[in-house]
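J.: Give me coordinates for this.
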Amino acid sequence: MVVVMSPDATDEDVAHVVEKVEGVGGEAFVSKGVVRTIIGLVGDIESFHHLNLRTLKGVADVHRISDPYKLVSRQHHPDRSTVWVGPAGHQVPIGPDSFTFIAGPCAVETAEQTLEAARMSKSAGATILRGGAFKPRTSPYAFQGLGVAGLEILADVRRATGLPIVTEVVDARDVPVVAEYADMLQIGTRNMANFGLLQAAGDSGKPVLLKRGMTATIEEWLMAAEYICQRGNLDVVLCERGIRTFEPATRNTLDISAVPVVQATSHLPIIVDPSHAAGRKDLVVPLSRAAIAVGADGVIVDVHPDPETALCDGPQALLGKDLRDLAQACRKLPPVVGRVDAAELVRTS
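T.: Residues are numbered from 1 along each chain as shown. Below you'll find the predicted structure:
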């Protein structure tokens, strides 16, 4: 069961609902979004019915949710959500009214490389910078990232370009330091089911970009998002990045159908990562076009000034003509499906 508080509900109104629920042996999980507060209830449904929660001050509605994921379901939140990324005065939207282009280097290698990639991305129309300071790699001998030094580089690049940054966190113990530098935390495919990390990210107070696990069903993916939301953080963006199938022609198989399926099921925004799906730069632009056409709320791609020397995922990184082609697609195609450039909706106050 979910209690939806009215936009003008006070903290005292929320606390009163929680007190009532706990008084009959239930648990109440408070999640605060941009517009309103949602309280997820766990316990005996009949006991909750006897509380007449709809009559309590500040309560807008009460829903009984049949989906296993309560807070991310459209059953209680029929309108799709927008997540705002960035500091006050420059917040970039990711949601149903806009199309958000996120780009940057897969891994932060040097200050010069990161700044050049950021400038390339911004020139192509990107409004959020991606860059990995902590890198979960299949091989323990592969480049693992610069860690905190990489976060410091990203912060310097943000000051130089004005682009909010999204960067991956791979360990729950690192969430506080990553949240100190980042505007948005990324949970990668290998950590989608790292429930302790999901909960820590939910506690951070920062928006979270949650990538789909490479073998995860859509329901498992949404349940992972529920772990974040249950900690009081509804600012979650889902990212389809390809799943592992029997087909070896691409690095992963981009499940483009996941976009409309998720949008019909969940109110959370969903973007697509064609770079990690394909693993090949020649497929990034076509897959981005497909993502826009199917209604994705954005794309996130790899950009590198010198892909041949990249320490991580060079074969899929864009520059030159490929990046210009992607920029053109991200400029011309979203209006065809009723979207505007996220840059036009940036909050400046």
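J.: May I see the domains of the protein written out as residue ranges?
T.: Listed by automatic domain parsing, the domain ranges of the chain are 2-63, 83-345.
J.: rank those by pLDDT, which is bottom?
T.: Comparing mean pLDDT across the domains of the chain, the lowest value falls on domain 2-63: a mean of 88.
J.: so how far is that one off the chain centroid?
T.: 26 Å (CA atoms, centre = their mean, to the nearest Å).
J.: distance between the ends of it?
T.: Across its full length, domain 2-63 reaches 5 Å between end residues, using CA to CA, to the nearest Å.
J.: try stretch 37-48
T.: From its first residue to its last, stretch 37-48 covers 18 Å (CA to CA).
J.: State the next helix or strand along the chain beyond the host helix or strand of residue 292.
T.: For residue 292, the host element (DSSP states H and E) is helix 281-294. Per DSSP H and E, the first helix or strand lying C-terminal to helix 281-294 is strand 298-302.
J.: Tell me which residues of whichever helix or strand comes after that following strand come out buried.
T.: Proceeding C-terminally, strand 298-302 gives way to helix 320-332 as the next helix or strand, assigned by DSSP H and E. In terms of neighbour count (16 or more other CB atoms under 10 Å), helix 320-332 has its buried residues at 322, 323, 325, 326, 327, 329, 330. Glycine gets a C-beta too; all of them are placed from N, C-alpha and C.
J.: After helix 320-332, which helix or strand is next? Please name it.
T.: In the C-terminal direction, the helix or strand that comes right after helix 320-332 (DSSP H and E) is strand 340-341.
J.: quick one: contacts of that following strand?
T.: 97, 98, 99, 101, 125, 127, 330, 331, 334 (CB atoms under 8 Å, 6 or more residues apart in numbering).
J.: rewinding a little: with respect to residue 72, which of the domains of the chain lies nearest?
T.: Each of those was scored for nearness to residue 72 using CB to CB, and the closest is domain 83-345 (4.7 Å).
J.: May I have the distance across that closest one, first residue to last?
T.: 12 Å.
J.: how about a markdown table for the domains of the chain, with distance to residue 75 added?
T.: Formatted as a markdown table, the entries for these read as follows, by distance: least, CB to CB, whole Å:
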| stretch | distance to residue 75 |
| --- | --- |
| domain 2-63 | 6 |
| domain 83-345 | 9 |
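J.: Relative to residue 69, which of those domains is closest?
T.: Checking the domains of the chain against residue 69 by CB to CB gives domain 83-345 as the closest, at 4.3 Å.
J.: and of the buried residues of helix 320-332, the nearest to residue 82?
T.: Closest approach between these and residue 82, by CB to CB: residue 330, at 18.4 Å.
J.: Not counting sequence-adjacent ones, nearest residue to that closest one?
T.: residue 101 (4.7 Å; CB to CB, 6 or more residues apart in numbering).
J.: any idea which helix or strand carries residue 225?
T.: Secondary structure here is read from DSSP H and E; on that basis residue 225 sits in helix 218-229.
J.: Quick check: buried residues in that helix?
T.: Of all the residues in helix 218-229, those buried under the rule 16+ other CB under 10 Å are 218, 221, 222, 223, 224, 225, 226, 227, 228, 229.
J.: ok, the fifth one - contacts?
T.: When contacts are counted by CB under 8 Å, 6+ apart, residue 224 touches 187, 192, 193, 195, 198, 210, 213, 216.
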